[in-house]
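Enquirer: Quick one: sequence plus predicted model below, questions after.
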Amino acid sequence: MAFNSVVLVKQVPDTKNITGQAMLDDGTVNRAALPAIFNPEDLNALEAALALRQLCGGSVSVMTMGPPSACEVLRECLYRGADRVILITDRRAAASDTLSTSYILSCAVRQIPDVQLVFCGRQAIDGDTAQVGPQLAEKLNLPQVTYVEELIEASDSSLTLRRNLGDGYEIVKASPPLLMTIVDTANTPRPPAARKMLRYKRARGKTELQKEATEQYGKDAKEDIDRYVQQRSDQLSAKGLLIEQWDLDTVKADVTRCGRSGSPTKVHRIQSVVLTGTDHKRIEPTAQAIGELVHELIEDHTVG
Ligand SMILES: Cc1cc2nc3c(=O)[nH]c(=O)nc-3n(C[C@H](O)[C@H](O)[C@H](O)COP(=O)(O)OP(=O)(O)OC[C@H]3O[C@@H](n4cnc5c(N)ncnc54)[C@H](O)[C@@H]3O)c2cc1C
């Protein structure tokens, strides 16, 4: 059986390479201080979908919700072999929490007919909640298999999958339509293919074209900007190089459930915790000394 898959990928700040203050005072991420990368486990999700396509046929569509710069991760997907890529971008979606993010993504997935499999990474390295995959499955009314680390077998009617449980594993059989979240031990993502890179490095989304035009003509030259965007879009579209761009209206989302106002989670305070190793305490390896240490840690709420 051939499977039509949708892979959800996210562009994230590289939290391993912090070059300045990572968080702003309003509790949002200071993206200017952090280089943007492909969320690592989403590369594993993409690889799982591409490998399944190789085995059984079908198609791999990729979606990301983010700012126009997220086209970068979509180009990466094209270099690796995705059939179709879609950017969901809309100012009204800014500051969405996981509930709102998964709602918008569920509306977007519904726009693609005949989807049998949805692949997500287990977790994004910025928000770190691992909630979006499971919430999306619920909203799409799909069964979900989380922590997938191996596709053991694919038959006409079911997939046999191994789930990583941390201290063990579980083998499950599930029938599409189905959502999976993929862990980083699942596979080694294929490198970008040189020929596809040469072809798709010129792929652009409409907002990227608008930015190009604004740089060229200045922000007040509306007519020139519109003309440039129209011409370039037509040229790119004819060559299959226009990255599809959807907004909240395209995905038919209820705007009251999107963005900051549609998000029940509010960040009230961000605190930088800097651990300094200025002091130390020697604990004797006796039951009594360890008991006292544990008691002390419970008293100051470090554990318990
Ligand atoms: C420091 C920080 C703390 C946050 N804390 C919270 C919080 O406590 N509660 C809350 O509700 N929100 C929180 N958020 C907001 C949250 O990051 C966003 O809603 C985000 O879009 C999704 O959550 P996540 O990054 O935790 O993704 P996860 O749930 O960890 O992502 C799992 C998978 O879902 C898919 N996915 C996630 N986001 C997207 C996307 N935009 N486009 C396509 N696929 C996607 C990917 O496949 C990803 O691997 C926080 C954000 C930051 C930066």
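Expert: Structure received.

Enquirer: C-alpha only now, for contacts and for neighbours.
Expert: Noted.

Enquirer: what does the model give residue 299 for pLDDT?
Expert: Looking at residue 299, its pLDDT is 88.

Enquirer: And for residue 33?
Expert: Reported pLDDT at residue 33 in the predicted model: 74.

Enquirer: That one: how many residues sit nearby?
Expert: If you count neighbours by other CA atoms under 10 Å, residue 33 ends up with 16.

Enquirer: Show me what secondary structure element comes after the lengthiest strand in the chain.
Expert: Under DSSP state E, the strand in the chain containing the largest number of residues is strand 144-154. Moving toward the C-terminus from strand 144-154, the next helix or strand (DSSP states H and E) is strand 159-164.

Enquirer: Please enumerate residues in contact with the longest strand of the chain?
Expert: Applying CA atoms under 8 Å, 6 or more residues apart in numbering, the contact partners of strand 144-154 are 56, 122, 134, 137, 159-165, 174, 178-187.

Enquirer: Restrict stretch 196-204 to CA atoms and write it as CSV.
Expert: Written as CSV, here are the backbone C-alpha positions of stretch 196-204 (Å, rounded to 0.1, in the frame of the first residue of the first chain):
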residue,chain,number,x,y,z
LYS,A,196,18.1,18.7,-5.6
MET,A,197,20.1,21.5,-3.9
LEU,A,198,21.1,22.9,-7.2
ARG,A,199,17.4,22.9,-8.3
TYR,A,200,15.7,24.0,-5.1
LYS,A,201,18.1,26.6,-3.7
ARG,A,202,16.1,29.1,-5.8
ALA,A,203,12.8,28.1,-4.4
ARG,A,204,11.1,31.0,-2.6
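
Enquirer: how about it: buried residues?
Expert: Neighbour counts over stretch 196-204 (16 or more other CA atoms under 10 Å) mark 196-197, 200, 203-204 as buried.

Enquirer: Just the residues contacting stretch 97-114, thanks.
Expert: Contacts for stretch 97-114 (CA under 8 Å, 6+ apart): 4, 6, 65, 88, 93, 131-133, 135-136, 139-140, 248, 251-253, 257-260, 262-265.

Enquirer: same question, stretch 222-233
Expert: Contacts of stretch 222-233 (CA under 8 Å, 6+ apart): 206, 209-210, 213-214, 217, 242.

Enquirer: And that stretch, what's buried?
Expert: Within stretch 222-233, the residues scored as buried using 16+ other CA under 10 Å are 224-225, 228-229, 232-233.

Enquirer: Now do the helices in the stretch 201-304 of the chain.
Expert: Secondary structure of the stretch 201-304 of the chain (DSSP state H, counting those that start in this stretch): helices located at 206-217, 222-238, 287-299.

Enquirer: Check the contacts of stretch 97-114 one by one and keep those near the ligand.
Expert: Among those, the ones lying near the ligand by CA under 6 Å from any ligand atom are 65, 131-133, 265.

Enquirer: List the ones among those that fall in strands.
Expert: residue 65.

Enquirer: Okay, buried residues for the longest strand of the chain please.
Expert: By neighbour count on 16+ other CA under 10 Å, the buried set for strand 144-154 is 144-151, 154.

Enquirer: Take these and lay them out in a markdown table including pLDDT and distance to residue 34.
Expert: Below are the buried residues of strand 144-154 laid out as a markdown table (pLDDT from 0 to 100; distance: CA to CA, whole Å):
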| residue | pLDDT | distance to residue 34 |
| --- | --- | --- |
| 144 | 98 | 32 |
| 145 | 98 | 32 |
| 146 | 98 | 29 |
| 147 | 98 | 28 |
| 148 | 98 | 29 |
| 149 | 97 | 29 |
| 150 | 97 | 32 |
| 151 | 95 | 34 |
| 154 | 93 | 40 |
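
Enquirer: Can you check what angle separates whatever helix or strand residue 42 lives in from strand 144-154?
Expert: Residue 42 belongs to helix 40-56 when assigned by DSSP H and E. Angle between the axes of helix 40-56 and strand 144-154 is 40 degrees (criterion: axes from the mean of the first three to the mean of the last three CA atoms, to 10 degrees).

Enquirer: Which residues does residue 154 form beta bridges with?
Expert: Judged by DSSP bridges, the bridge partners of residue 154 are residue 159.

Enquirer: any idea how far it is from the ligand?
Expert: For residue 154, the distance to the ligand equals 22 Å [CA to the nearest ligand atom, to the nearest Å].

Enquirer: and what of residue 66?
Expert: Distance of residue 66 to the ligand, given as CA to the nearest ligand atom: 6 Å.

Enquirer: which of the ones next to the ligand among the contacts of stretch 97-114 count as buried?
Expert: Using 16+ other CA under 10 Å as the burial test, these include 65, 131-133 as buried.

Enquirer: now, which of those residues sits nearest residue 300?
Expert: Checking these against residue 300 with CA to CA, the nearest one is residue 131 at 30.8 Å.
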